[in-house]
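> sequence plus the predicted model coming up.
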Amino acid sequence: MALDPNGRIGQAIQRVAGHPRFARIAPKVVPRLDRVASRLTGGRIVPSAGLVPMVVLVSTGARSGLERETPLATVPDGDAFYLVGSNFGRESHPAWTHNLLANPEATVVHRGRRIPVTARLLDAEEKAAAWPKLTAVWATYDRYEERVERDLRVFRLAPRPGQAG
């Protein structure tokens, strides 16, 4: 059962998630729990999906060339997905954004389905247009953006031709 991110419990979770202390702890705990649950269930269960829509991004490491699996909050957009490189409001860009910039061909696992996608970094105008849709799902993105000096990267991942579901 999914929680309403704008309900009382969802808002309380977002307040905690927007705190700088959470940004120090969460990256070590939340992705690991989501990754293990996703692997055990073939991508059908990702614990964080109880609050926000989730995908597991399967990308190629920019330096290593190895396959990387990263559970991420998403905002579905038809057959496509938006991903925000918030990194829990930490100052550095998350590694997965570097991987997508170097290797935009990736796969997302969404509700147990593997979907080959091509990632594209949004420009400032596209990001501004998408931002209200993103913060409607996870309002804490605004707090992350206020807290960091970097520009949060936003990607749109679209199914490769012939891959839309």
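Yes, it's here.

> going along the chain, name the helices of this structure.
8-17, 20-40, 95-102, 124-137, 140-147 (DSSP state H).

> and stretch 124-135, average pLDDT?
Stretch 124-135 carries an average pLDDT of 97.

> which parts of that stretch are buried?
By neighbour count with 16 or more other Cβ atoms under 10 Å, stretch 124-135 contains the buried residues 127, 130, 131, 134, 135. (C-beta placed from N, C-alpha, C; glycine too.)

> check contacts around the second one.
Contacts of residue 130 were listed using Cβ atoms under 8 Å, 6 or more residues apart in numbering, and they are 75, 82, 122, 154, 156.

> hang on, the earlier thing: the helices of the chain: lowest mean pLDDT?
When I compare the helices of the chain, helix 8-17 is least confident, with a mean of 60.

> neighbours around the nearest residue to residue 91 once chain neighbours are set aside, how many?
In this structure, residue 91 finds its nearest non-sequential neighbour in residue 148, 5.3 Å apart by Cβ to Cβ, 6 or more residues apart in numbering. Other residues lying near residue 148 total 17 when counted by other Cβ atoms under 10 Å.

> so residue 148 makes contact with residue 94?
No: with contact defined as Cβ atoms under 8 Å, residue 148 does not reach residue 94; the gap is 11.7 Å.

> and the gap between the residue nearest to residue 91 and residue 96?
Residue 148 sits 16 Å away from residue 96, going by Cβ to Cβ, to the nearest Å.

> also residue 86?
Distance, residue 86 to residue 96, using Cβ to Cβ: 11 Å.

> then residue 105?
From residue 105 over to residue 96 (counting by Cβ to Cβ), the distance is 14 Å.

> which of those two has more residues huddled nearby?
With neighbours defined as other Cβ under 10 Å, residue 105 and residue 96 compare such that residue 96 has more, 24 against 12.

> contact partners for the more buried one?
57, 59, 68, 70, 72, 83, 85 are the contacts of residue 96 under Cβ under 8 Å, 6+ apart.

> out of these, who's nearest residue 100?
Checking these against residue 100 with Cβ to Cβ, the nearest one is residue 59 at 5.9 Å.
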